[in-house]
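>>> Quick one, what's the 3D model for this:
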Amino acid sequence: MGDKTEKLLSILKLQPVVPVLIVDDAKSAVPLARALVAGGLKAIEITMRTPAALEAVRAVAAEVEGAEVGAGTILNAAHWQAAVEAGSNFIVSPGTTQELLDAAADSDVPLLPGAATASEVMALREEGYQVLKFFPAEQAGGAAYLKALSSPLAGTLFCPTGSISLKNARDYLSLPNVVCVGGSWVAPKELVAAGDWAGITKLAAEAAALKA
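Model prediction:
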């Protein structure tokens with residue numbers, strides 16, 4: 001687990017914000033990822049919420065220099081296998097099941113598993129996980145809740161995701177137990193639809209500057 005934890009941390013520490021993308025058209029994935037990388041956001045999560053998602057992961061992994069592409073919304077072992085075969089460098093799940101833990105144990109690709117309660121965090125710690133996704137962040141209690149976990153569950157790091165924006169990202173990034181945040185605001189649907197890659201690069205640069 002140690003090697004996979006280090007691999008995951010090396011990806012998450014590339015930047016303060018990991019873009020969480022819902023890709024409707026795989027053809028937009030490469031220019032979108034290039035725009036994000038140009039703005040300083042190299043680690044990119046493409047969620048498995050659309051039919052185009054796997055093709056998008058495959059294209060970014062193959063064609064975007066400097067990108068660390070991961071697959072999100074992985075719910076079972078079949079999703080895991082498909083995402084890894086497409087070229088995912090890391091896997092993100094909204095929660096955790098034994099099926100996912102088993103798939104992760106048999107893979108060299110690191111998992112960022114989701115947790116929202118102290119009990120879920122403790123259970124994942126028992127499995128050897130030190131870096132978790134806190135989801136849904138705002139709905140589960142926000143930065144104040146996560147701050148409250150920092151002392152009793154010291155040593156666990158989080159990537160909060162869920163209703164995080166430029167306005168509240170610093171609230172999370174200022175916490176000692178937060179390594180980065182996940183957010184979709186850096187790639188608004190309207191900019192993607194318009195092919196406004198310069199606009200997305202600008203948003204990415206603003207996000208990358210949140211934490212030096």
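
>>> Quick one: the strands in this protein, in order.
Applying DSSP state E to the chain gives strands spanning 17-21, 43-47, 68-72, 90-92, 111-112, 114-115, 131-134, 157-160, 181-183.

>>> tell me what the fifth one is packed against?
So the one you mean is strand 111-112. Secondary-structure packing of strand 111-112 (3 or more CB pairs under 8 Å, 6 or more residues apart in numbering; DSSP states H and E): helix 2-12, strand 90-92, helix 98-105, strand 131-134. From N, CA and C alone the C-beta is placed, and that goes for glycine too.

>>> do the second one as well
Packing contacts for strand 43-47, counted by 3+ CB pairs under 8 Å, 6+ apart, involve strand 17-21, helix 29-38, helix 53-63, strand 68-72.

>>> List the contacts of Gln7.
For residue 7 the amino acid is Lys, not Gln. Counting by CB atoms under 8 Å, 6 or more residues apart in numbering, Lys7 touches Phe90, Pro110.

>>> With distance to Ala53 and mean pLDDT as new columns, can the helices and strands packed on strand 111-112 be given to me in JSON lines?
Conversion of those to JSON lines gives the following (distance: least, CB to CB, whole Å; pLDDT from 0 to 100):
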{"stretch": "helix 2-12", "distance to Ala53": "19", "mean pLDDT": "96"}
{"stretch": "strand 90-92", "distance to Ala53": "12", "mean pLDDT": "98"}
{"stretch": "helix 98-105", "distance to Ala53": "17", "mean pLDDT": "97"}
{"stretch": "strand 131-134", "distance to Ala53": "18", "mean pLDDT": "98"}
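
>>> Okay, buried residues for stretch 53-64 please.
Residues of stretch 53-64 classed as buried: Ala53, Leu54, Glu55, Ala56, Val57, Arg58, Ala59, Val60, Ala61, Val64 (neighbour count, 16 or more other CB atoms under 10 Å).

>>> could the helices and strands packed on strand 43-47 go into TSV alongside distance to Gly195?
Formatted as TSV, the helices and strands packed on strand 43-47 follow (distance: least, CB to CB, whole Å):
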stretch	distance to Gly195
strand 17-21	15
helix 29-38	7
helix 53-63	15
strand 68-72	20
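
>>> now the ones you listed as CSV including distance to Pro136 and mean pLDDT?
Formatted as CSV, the helices and strands packed on strand 43-47 follow (distance: least, CB to CB, whole Å; pLDDT from 0 to 100):
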stretch, distance to Pro136, mean pLDDT
strand 17-21, 12, 98
helix 29-38, 22, 98
helix 53-63, 20, 98
strand 68-72, 13, 98
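
>>> For Asn177, which of the ones you listed is the nearest?
Using CB to CB as the measure, strand 17-21 is the one of the helices and strands packed on strand 43-47 that comes nearest Asn177, at 16.3 Å.
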